[in-house]
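[1] Coordinates only, no sequence provided:
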């Protein structure tokens, strides 16, 4: 099978099906074409996943298809963007039709769920690597950046933290119990908070998605905003499954665990008061932004020594 | 050095320098933000280069930096788009500062030349792989597609063909003569025809950039447009250097050679008559679109057996 036939068979269906007036021209030409409404801005982000680094080469292709798009779409959620389309740069060691069928199925289900059409891509031979770039839009000037956090703002997180990190301990279990199955699903099928992100436009002062752990990712907001924060460990939202699996260490693990793809947002206390109830129900206040720089973690009123600040792809030693 | 420091040191300068009112937010947040004028459309394309497949791992990093952006920008030229910005997904086996310095220099010079700002990216550890996505804009509805060629249209190409393909025979020469140096420069430092592409908006009925060879790439126009073509081998523009290096086989090699990144465009004969002289000077008429499908190649009035239709990344056997 040649490159062009491969793309047509597995991936072209992803650019059809749900018509989008915003994708003017999909795969098959030198470029794709996207319409952006007057008064809107394009918001975009690229994420790369490498076999043997971000996932084992034997990782289930259907989960990989879902995960790779979910991870990328989560960046749109963190900006409060409306999803539009994505490109896929796929490097494959060979043509494995079973693998491609599974991968395309996972990708397709995620694309449907998240409202993203395949706009184009490139297929090359080489070590298994995926780069996905997602495109969304926001009304001009309304994207939620990392740099807007102000002293006194509340620090909030969506959902529960630490589940996907806990799953790493159970990846090789053959017959997982219900708690293990719950955290494994959180790892394999992350649900980017696209609806919540959009709903937070105009309310949140800053936002980031939690890919490398709350401490690391909140740290990026603090750096970009020139502020600090204090977090209350007891306020970190935990699933019942994680509490049963991890016991007393659950909260401490949850603040350093990555892969949850929940949102961390900051917001003035008076904005929290007027936030629609549907949003407030999905958020938990876990701390406060401080004028003093640095991220301080408290438990029962006592300060804890700060743990590692998450994953760095080149293992920083500084 | 950590991922974030790496990006800041080598690549952040690429997002500054030449202010662009279109890049609202560059690297460093969850997403980048691009402004698209009312009445304009976004045009974008992604290209992947893999070490050991598209270039040897020992390939000069400065040439690689230039080439990787030139190859991607050439797709914008083929649509007639105005270049705006690009993203870089860079997978590296390790932090090699000499390599990164050279790569960033080549990339930076190309970005300046082509008018493209770095908007964002992702840096990961793994086998050396680059995916670049370029963004441009066109006034709505004016992008030059592959599908617009009509029977009777002239087939034109820019510049000279076959030089970069010829260079492959001289890559390992230590002291190249002037002809070898000329074709090597054509290979290492391709010049995407951005100005010409933009100038052809409203004139060309179809366009593609020549990456896989004229026969293969014109074939894509024919497939997309549902037409055929006949080419006159003697009309294919050749450089003096190629004619001296390749002798009588120069033209036949030139129509199957890739990597030139010239444009192949089609145009009604009456449009050719009113085409601005500056454009006409950069184009050579090499054939004509036919109603009958298929691509036929003629030399001195006699039809030639059609050669291989160019490079397929998965070596199609069909």
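    Looks like it came in fine. None of the values given here were measured: they were computed from a predicted structure.

[2] Only C-alpha atoms from now on, for both contacts and neighbour counts.
    Fine.

[3] Please list all residues in contact with residue A:117.
    Neighbouring residues of residue A:117 by CA atoms under 8 Å, 6 or more residues apart in numbering or on different chains: A:14, A:15, A:16, A:18, A:20, A:23, A:84, A:85, A:86, A:111.

[4] Name whatever forms a beta bridge with it.
    residue A:85 (DSSP bridges).

[5] State the distance from it to residue A:31.
    15 Å (CA to CA, to the nearest Å).

[6] go on, residue A:154?
    From residue A:154 to residue A:31 the distance is 43 Å (CA to CA).

[7] Kindly report the same for residue A:24.
    11 Å.

[8] Comparing the two, which residue is more hemmed in?
    Each of residue A:24 and residue A:31 has its neighbours counted (other CA atoms under 10 Å in any protein chain shown); residue A:31 has more, 31 against 16.

[9] show me what contacts that one?
    A:120, B:43, B:44, B:45, B:75, B:76, B:79.

[10] pLDDT wise, what is residue A:308 at?
    pLDDT recorded at residue A:308 is 41.

[11] Please enumerate the helices of chain A.
    Along chain A, the segments classed as helices by DSSP state H run A:3-6, A:61-79, A:97-114, A:163-167, A:178-188, A:194-200, A:214-225, A:240-246, A:250-256, A:269-274, A:277-280.

[12] in chain A, which ranges drop under the pLDDT threshold?
    Chain A contains residues with pLDDT under 70 at A:1-5, A:7-8, A:17-19, A:306-318.

[13] can you list the domains in it?
    For chain A, the structural domains run A:3-139, A:146-304, going by automatic domain parsing.

[14] Quick one: those domains as JSON lines, columns for distance to residue B:239 too.
    Listed next are the domains of chain A as JSON lines, based on distance: least, CA to CA, whole Å:
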{"stretch": "domain A:3-139", "distance to residue B:239": "26"}
{"stretch": "domain A:146-304", "distance to residue B:239": "53"}
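
[15] Would you pull up the residue in the stretch 51-200 of chain A closest to chain B?
    Relative to chain B, the nearest point of the stretch 51-200 of chain A is residue A:75 (5.2 Å; CA to the nearest CA).

[16] Give me the neighbour count for that residue.
    Neighbour count of residue A:75, defined by other CA under 10 Å: 34.

[17] how about it, what does it touch?
    Applying CA under 8 Å, 6+ apart, the residues near residue A:75 are A:45, A:208, A:209, B:30, B:31.

[18] Which residue lies closest in space to residue A:124, excluding its sequence neighbours?
    residue A:91 (4.7 Å; CA to CA, 6 or more residues apart in numbering or on different chains).

[19] Residues in a beta bridge with the one you found, which ones?
    On the basis of DSSP bridges, residue A:91 is bridged to residue A:124, residue A:129.

[20] so who does it touch?
    By CA under 8 Å, 6+ apart, the contact list for residue A:91 reads A:123, A:124, A:125, A:126, A:127, A:128, A:129, A:130.

[21] Can I get the residues you listed in JSON lines including neighbour count?
    Shown next, in JSON lines, are the contacts of residue A:91 (neighbours: other CA atoms under 10 Å in any protein chain shown):
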{"residue": "A:123", "neighbour count": "20"}
{"residue": "A:124", "neighbour count": "23"}
{"residue": "A:125", "neighbour count": "22"}
{"residue": "A:126", "neighbour count": "21"}
{"residue": "A:127", "neighbour count": "21"}
{"residue": "A:128", "neighbour count": "18"}
{"residue": "A:129", "neighbour count": "25"}
{"residue": "A:130", "neighbour count": "23"}
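
[22] Any chance of those residues in JSON lines with distance to residue B:70 as columns?
    Output for those, formatted as JSON lines (distance: CA to CA, whole Å):
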{"residue": "A:123", "distance to residue B:70": "18"}
{"residue": "A:124", "distance to residue B:70": "18"}
{"residue": "A:125", "distance to residue B:70": "21"}
{"residue": "A:126", "distance to residue B:70": "21"}
{"residue": "A:127", "distance to residue B:70": "23"}
{"residue": "A:128", "distance to residue B:70": "24"}
{"residue": "A:129", "distance to residue B:70": "22"}
{"residue": "A:130", "distance to residue B:70": "22"}
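
[23] quick one: which of the residues you listed is nearest residue B:66?
    residue A:124 (19.8 Å; CA to CA).

[24] Test my guess that the closest one contacts residue A:90.
    Yes: assessed by CA atoms under 8 Å, residue A:124 is found in contact with residue A:90 at 6.4 Å.

[25] Tell me who's in contact with the residue in the stretch 151-300 of chain A positioned nearest to chain B.
    Residue of the stretch 151-300 of chain A nearest chain B, by CA to the nearest CA: residue A:208 (6.6 Å). Contact partners of residue A:208, counting by CA under 8 Å, 6+ apart, are A:75, A:78, A:79, A:145, A:146, A:217, A:218, A:221, A:263, A:264, A:265, B:30.

[26] if we go to 7 Å?
    Contacts for residue A:208 (CA atoms under 7 Å, 6 or more residues apart in numbering or on different chains) come out as A:78, A:146, A:217, A:263, A:264, A:265, B:30.

[27] Out of those, grab the one that's most surrounded.
    residue A:78 (33 neighbours).

[28] Quick check: closest non-adjacent residue to that one.
    Nearest to residue A:78 is residue A:208, by CA to CA, 6+ apart, at 5.0 Å.

[29] Ok, residue A:200 next?
    residue A:80 (6.6 Å).

[30] could you measure the one you found against residue A:44, distance?
    From residue A:80 to residue A:44 the distance is 12 Å (CA to CA).

[31] likewise residue A:301?
    Counting by CA to CA - residue A:301 and residue A:44 are separated by 41 Å.

[32] Looking at the two, which is more packed in?
    Higher neighbour count among residue A:301 and residue A:44: residue A:44, with 29 against 10, using other CA under 10 Å.

[33] Beta-bridge partners for the more buried one, please?
    residue A:135, residue B:32.

[34] Sweet, I'm off.
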